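Asker: this one's structure only:
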């Protein structure tokens, strides 16, 4: 039985992490490292009785005596505090499964509640805590463990009293402007009659520790209203950074940028006031302000505001990286540091509120930003659905720990995508179910499709999605990267010699792609001319279709001996349109992915002409490359 069939037989989806262990030589000692890692990440499933050889899972089974012995070893270890800090298993998490003639011990490890983390081995969490990454289990650094311990504290992270800080660290104009916003939102609220110190106390910005008899400015107060240099003091939040970027023109690095530069007090309240109107102006509907308050906003505006505020109140200000808000022509991207305090399942389901910075949450809620009831995710999805746009997607990364929420302003299946797919696959599209067509369209629009992404879009069970994706691979419509736990799929574009014909068919099918036809004809004569023409046409339209990308790549794909400088220039132009993985570029250019990395991608990164999506994790399975503008430098 192959790996994918085994996953389906055990009812495991690709969004559930899993680990196979042979257990031929006894109960595996590495079980507990995986148990710790899964508990501290998103949970998962450990299967005893399966060997992994050359990337294939081969059931070698357990006899009844071994099963009984291993079940006892499992429960003895889980309840032994010398072995592991906490048992988070229930009897329903441990099952015996039969796959063919083999019996397997299947252990579902749930994600530990934030108050139970870190789950560690032995007595010292700082040295024996593990987390799960794409490469397997890894030992956490001391700083990672300390952040988990801080998240486990029932006291909100932003309620910490800062020793040595005072009202002198508060930017009083920011506090005065907040009063105005509060009056506009709540009318004559009783707190408005209080002096500054008393108002700060009611907002959670000033707190008295009744046990320690000390009082002072809290982290929440400093973050919300503080002076920039005070916020980034080594005794406060030295890694603090807020950054708004507009990337509307591919020929420039930024069309607009707002970040701490000494010209304004870059606290959260000022960032909210200055960046949100800029961000919201990117919505293709009128956006009106009455004074400083929104009136008659659309559900999409409410969704965007909710996503913006979520980043501010859920961020881990002890972690590196800062908050990055980006506006593109076709999407918004909102990114903040930290570990998700609820599971991904709870996040997508909504209704569960776990906020890292509760005082910040209250302050934004009082002026109409953010929600206390745990309905924020639902509001974001509903607001985006009201415009019939593709569902927002959440991506979590490690080292550094970050959330990235993408809000695409693209229809579920745009007409030009359907036209392009029809030209690419012809009658092979006939008879596809709606879910299958959505999978193909997602691979075309987003460059790849995964089980997790389709769960966001169509809501089917992970196992059913796995079977559907495998079926599309068997029919030759998709290609799998075979990365097992985090498999992704991309379009099977077929023979490179077909690319010009594909682009030509697209051009003949729609009046809107006349420029792509001209580019394709140019490509057949000159690769440089095609690149320049396609770049120009793409900038004019604001987007770059899959078919135009294929047309740009076609001359190189058809000629293995293309001059290396031309290959280099086309890679830079492709990566200047959107991020590409090495596998995607290899498919477009008809080259070996590893050779492409060694000869072109690595040197271009080293020279600063390309940048990595995950610069601290070069081997990240979702690694992609984006071109750096050659006439300007990032901050």
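Answerer: Sure, I can see it. It should be emphasised that the depicted structure is a prediction, and the values quoted were computed from it without experimental measurement.

Asker: And the strands in the stretch 201-350 of the chain, which stretches?
Answerer: All strands of the stretch 201-350 of the chain, identified by DSSP state E, counting those that start in this stretch, fall at 206-209, 214-217, 242-246, 256-258, 289-290, 293-294, 323-327, 331-337.

Asker: Export these as JSON lines, with columns for mean pLDDT.
Answerer: Shown next, in JSON lines, are the strands of the stretch 201-350 of the chain (pLDDT from 0 to 100):
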{"stretch": "strand 206-209", "mean pLDDT": "88"}
{"stretch": "strand 214-217", "mean pLDDT": "90"}
{"stretch": "strand 242-246", "mean pLDDT": "95"}
{"stretch": "strand 256-258", "mean pLDDT": "93"}
{"stretch": "strand 289-290", "mean pLDDT": "56"}
{"stretch": "strand 293-294", "mean pLDDT": "54"}
{"stretch": "strand 323-327", "mean pLDDT": "95"}
{"stretch": "strand 331-337", "mean pLDDT": "93"}
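
Asker: between those strands, which gets nearest to residue 121?
Answerer: Nearest of those to residue 121, taken as C-beta to C-beta: strand 331-337 at 26.7 Å. All C-beta spots, glycine's among them, are computed from the backbone N, C-alpha and C.

Asker: That closest one pairs with which strands?
Answerer: According to DSSP bridges, strand 331-337 forms sheet pairs with strand 323-327 (antiparallel), strand 402-408 (antiparallel).

Asker: Give me the buried positions along it.
Answerer: 331, 332, 333, 334, 335, 336, 337 (16 or more other C-beta atoms under 10 Å).

Asker: quick one, what contacts the residue of the chain most remote from its centre?
Answerer: Of all residues in the chain, residue 65 has its C-alpha farthest from the mean position, at 44.4 Å, by C-alpha atoms, centre = their mean. For residue 65, the contact set (C-beta atoms under 8 Å, 6 or more residues apart in numbering) is empty.

Asker: What are the buried residues along the strand or helix carrying it?
Answerer: For residue 65, the host element (DSSP states H and E) is helix 64-78. Under the neighbour-count criterion of 16+ other C-beta under 10 Å, helix 64-78 has 66, 67, 70, 71, 74, 77, 78 buried.

Asker: Is the most centrally placed residue in the chain in a helix, a strand, or coil?
Answerer: Nearest to the geometric centre of the chain sits residue 395, at 1.4 Å (C-alpha atoms, centre = their mean). Counting by DSSP: H, G, I helix; E, B strand; the rest coil, the backbone at residue 395 sits in strand.

Asker: which SS state does residue 467 fall under?
Answerer: helix.

Asker: ok, it to residue 461 distance?
Answerer: Distance check for residue 467 against residue 461: by C-beta to C-beta, to the nearest Å, it reads 10 Å.

Asker: So which of the two has more stuff around it?
Answerer: Using other C-beta atoms under 10 Å, the more surrounded residue of residue 467 and residue 461 is residue 467, with 16 against 11.

Asker: which helices and strands does the helix or strand hosting residue 456 pack with?
Answerer: Taking DSSP H and E as the definition, one finds residue 456 inside helix 451-458. Helix 451-458 sits against helix 344-349, strand 393-397, helix 434-446, helix 462-474, with contacts defined as 3 or more C-beta pairs under 8 Å, 6 or more residues apart in numbering; DSSP states H and E.

Asker: in the last one, what counts as buried?
Answerer: Residues of helix 462-474 classed as buried: 462, 463, 465, 466, 467, 468, 469, 470, 472, 473 (neighbour count, 16+ other C-beta under 10 Å).

Asker: Please state the mean pLDDT value computed over it.
Answerer: The average pLDDT for helix 462-474 rounds to 86.

Asker: how much does it deviate in direction from helix 451-458?
Answerer: Angle between the axes of helix 462-474 and helix 451-458 is 110 degrees (criterion: axes from the mean of the first three to the mean of the last three C-alpha atoms, to 10 degrees).

Asker: before we move on, what about the third one?
Answerer: With the same axes, to 10 degrees defining the directions, helix 434-446 sits at 110 degrees from helix 451-458.

Asker: Buried residues in helix 434-446, which are they?
Answerer: 436, 437, 438, 439, 440, 441, 442, 443, 444, 445, 446.

Asker: and the end-to-end length of stretch 318-326?
Answerer: Stretch 318-326 stretches 22 Å from its first residue to its last (C-alpha to C-alpha, to the nearest Å).

Asker: Tell me which residues of that stretch come out buried.
Answerer: Of the residues in stretch 318-326, 318, 319, 321, 322, 323, 324, 325, 326 count as buried by neighbour count, 16+ other C-beta under 10 Å.

Asker: how about the residues you listed in a markdown table, adding distance to residue 159?
Answerer: Below are these laid out as a markdown table (distance: C-beta to C-beta, whole Å):
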| residue | distance to residue 159 |
| --- | --- |
| 318 | 14 |
| 319 | 18 |
| 321 | 23 |
| 322 | 21 |
| 323 | 20 |
| 324 | 26 |
| 325 | 25 |
| 326 | 30 |
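
Asker: Report the contact partners of the residue nearest to the centre of the chain.
Answerer: 403, 404, 405, 406, 622.

Asker: Number of residues surrounding the first one?
Answerer: Here the number of neighbours of residue 403 (other C-beta under 10 Å) works out to 21.

Asker: I'd say it and residue 336 touch.
Answerer: Yes - taking contacts as C-beta atoms under 8 Å, residue 403 lies within contact range of residue 336: 5.6 Å.

Asker: shared neighbours of these two, which are they?
Answerer: Residues touching both residue 403 and residue 336 (C-beta under 8 Å, 6+ apart): 311, 314.
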